[in-house]
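Asker: Show me how the following folds:
(2 chains)
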2 protein chains.
Amino acid sequence: MRKQTYKIEDVYINSVFSSVGKKEAEGPLGEYFDAKYTDDMLGQSSWEMAESTLMKNTVSGALTSAGKTPDEIDMILAGDLLNQCTASSYGLKELGIPYLGLYGACSTFVEGLCLGSMLLSGGFANNIAIGASSHFCSSQKQYRFPLEYGEVRTPTSQWTVTGSGSAVLNKEKGFAKVSEVTIGKMVDLGITDANNMGAAMAPSAADTIYTHFKETGKTPEDYDLVITGDLAWVGSDILLELLRDKGLDLHNHTDCGKIIFDKNKQGVKSGGSGCGCVASVFSGFFAKKLKENEIQKVLLLGTGALMSPTGVLVGESIAGVAHAVAIERVDA
Amino acid sequence: MRKQTYKIEDVYINSVFSSVGKKEAEGPLGEYFDAKYTDDMLGQSSWEMAESTLMKNTVSGALTSAGKTPDEIDMILAGDLLNQCTASSYGLKELGIPYLGLYGACSTFVEGLCLGSMLLSGGFANNIAIGASSHFCSSQKQYRFPLEYGEVRTPTSQWTVTGSGSAVLNKEKGFAKVSEVTIGKMVDLGITDANNMGAAMAPSAADTIYTHFKETGKTPEDYDLVITGDLAWVGSDILLELLRDKGLDLHNHTDCGKIIFDKNKQGVKSGGSGCGCVASVFSGFFAKKLKENEIQKVLLLGTGALMSPTGVLVGESIAGVAHAVAIERVDA
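Answerer: Alright, predicted model coming up:
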């Protein structure tokens, strides 16, 4: 019988770094982010280059926090939403780190944590960096409408986070360790609306969470929090309902897309999304809560809507995928 | 000192499968491919869905050859060139295999072989599938001009292969084993022409090949062939020159992009390219040569041009990346 969950031995999250744009800095978690940019162009001439700069600065921040130079990093696992993973390749090429590009839509940061943890646990590499980013303006242009069009947002739509998160994993030491990873399957329940990504992602998140508990014999009580990436308000409700149908009451669930913005004051409709959502909220907010001993054990899920701009235009449905990583605080 | 090369223990290539379109089937390697489609639409209503079908059928072919059902595959590592990895997610979602999406441009197939080999060697998973694809029509539309425009091809331009390759790796048995992998760095020497990808990729291929020999103490004589993915004619010449400058005479080099088409008769200018080039040529041609004992040891490189359609339009340069996998024949 195939198992999707793997035990991880002696892999630590050595450092994290988070960067966000102006709107995210003004949100409820603003004080927790490490770098805040008031200029969403980051001094560049295009949104794509702005996002590349965001990625570069964020990964550089995580390396600095880990006390590592780029030459000490054995490989970097990174990805973003741009055609084709532009922010990662343009942002990271100068660092000269062996590069493995990922594409898991908004699940990319956790996909990187899962792969990096398995590689380190398996005896490969000493230091692995993870990076993921998204940018509201580059994403709108690519996946929906140009900003100038002044699109009216639907109630289920999500606001792509301008943000990036990066982590350095190694076997030396860190504020937390990775104990298990669960690799998710794609699940497609037929959602065709690019403005309802929460609904497209929720079934895969439910599948991965259910599988994680079934395979490990754990219950939600074994974690202080089960954190999903960017299901936001609409998708989170669907997730909880799908899990209740399977007999699982996820009473300690939270979602990065729900907490990064103020739903009532910031006009984000269903909440935040994008590779940078879970990446910046975990690296900025939850990592600090782990360090400060406010939480000890979390199950973190990256949730991705594997949509294609072309596919959506021709009415194809959007599959979701979600990967999970179990993270435990390490006493300083 | 960072090393980019890792030893792999007991990882076998259990099965491979290759699929190509009409033009590739008419080329010099036509007889070696496992599936040949005379209709480049594969009965679908769009090129994107045609490529998705190509990926699905190819992975299914590799699973069948391995005698495995999708439920017996622990994870699949796959990617393609479409915004955003459309062929992989749309093509593979029905199979229900835990999915880790990759993006390494045309290096994706070998990136998958490297990652899959490390995961298996590290004790994770029993069976891992790898998949990669490209399609001439979907790629032209996305990266260059719509076919209807009737673009005049430049001498350095490459013809994107309509093709796909898939492999099943495991620790049981196989026709070949993976002995080492070398993870490459991005290298950017300032090429800005989307019709000169060979030149954009050659420096990274040279860097990875040079690093592989330096770190392992091997010489080109330790391999029957050093096979690059899709540098094609222009890029291959640059590669050999770059390596000669470093004192390395790569006398046993060949390139999938050079041999898949007949340069004189098929009007492909510099040769073939695309994720499907190295994937189909290795899975279709070189795998059979290994099985038949015509070759015993090869170093296989995937070479990717990490270009962004937006980046190219605004004059940004194109970085290359190349990963290498050392493959040895196993006696039946």
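
Asker: Compute the number of surrounding residues for the residue of chain A found nearest chain B.
Answerer: Chain B sits closest to residue A:122 of chain A, with a gap of 1.7 Å, by C-beta to the nearest C-beta. Just so you know, the C-beta spots here come from the backbone N, C-alpha and C atoms, and that holds for glycine as well. For residue A:122, the count of nearby residues is 20 (other C-beta atoms under 10 Å in any protein chain shown).

Asker: repeat for the one 4 residues further on
Answerer: When counting by other C-beta under 10 Å, one arrives at 15 neighbours for residue A:126.

Asker: ditto for residue A:10
Answerer: For residue A:10, using other C-beta under 10 Å, the count is 11.

Asker: can I assume it sits in a helix?
Answerer: No. With DSSP: H, G, I helix; E, B strand; the rest coil as the criterion, residue A:10 is assigned strand and is not in a helix.

Asker: so how far is residue A:171 from it?
Answerer: For residue A:10, the distance to residue A:171 (C-beta to C-beta, to the nearest Å) stands at 5 Å.

Asker: List the residues that are in contact with both of these two.
Answerer: residue A:120 (C-beta atoms under 8 Å, 6 or more residues apart in numbering or on different chains).

Asker: Now do the same for the spatially most central residue of chain A: helix, strand or coil?
Answerer: Residue closest to the mean C-alpha point of chain A, counted by C-alpha atoms, centre = their mean, is residue A:278 at 3.3 Å. Classification of residue A:278 using three-state DSSP returns helix.

Asker: For it, give me its contacts.
Answerer: A:106, A:109-110, A:132, A:165, A:227-230, A:256, A:300-303.

Asker: who's in contact with the closest residue to residue A:60 other than its chain neighbours?
Answerer: In this structure, residue A:60 finds its nearest non-sequential neighbour in residue A:95, 7.5 Å apart by C-beta to C-beta, 6 or more residues apart in numbering or on different chains. Residue A:95 makes contacts with A:56, A:59, A:60, A:70, A:73, A:76, as judged by C-beta under 8 Å, 6+ apart.

Asker: Could you dump the residues you listed into JSON lines with secondary structure and pLDDT added?
Answerer: Converted to JSON lines, the contacts of residue A:95 look like this (DSSP: H, G, I helix; E, B strand; the rest coil; pLDDT from 0 to 100):
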{"residue": "A:56", "secondary structure": "helix", "pLDDT": "98"}
{"residue": "A:59", "secondary structure": "helix", "pLDDT": "98"}
{"residue": "A:60", "secondary structure": "helix", "pLDDT": "98"}
{"residue": "A:70", "secondary structure": "helix", "pLDDT": "98"}
{"residue": "A:73", "secondary structure": "coil", "pLDDT": "98"}
{"residue": "A:76", "secondary structure": "strand", "pLDDT": "98"}
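
Asker: Moving along the chain from the helix or strand harbouring residue A:312, name the first helix or strand you hit.
Answerer: Assigned by DSSP states H and E, residue A:312 falls within helix A:309-313. Using DSSP H and E, the helix or strand that follows helix A:309-313 towards the C-terminus is strand A:319-329.

Asker: gap between that next one and the chain center?
Answerer: How far strand A:319-329 lies from its chain's middle: 9 Å, per C-alpha atoms, centre = their mean, to the nearest Å.

Asker: do the same with stretch A:121-138
Answerer: How far stretch A:121-138 lies from its chain's middle: 10 Å, per C-alpha atoms, centre = their mean.

Asker: Going by neighbour count, which residues of it are buried?
Answerer: By 16 or more other C-beta atoms under 10 Å in any protein chain shown, the buried positions in stretch A:121-138 come out as A:121-122, A:124-125, A:127-138.

Asker: Got phi/psi on residue A:152?
Answerer: Per-residue torsions, residue A:152: phi -80, psi 130 (degrees, to the nearest 10).
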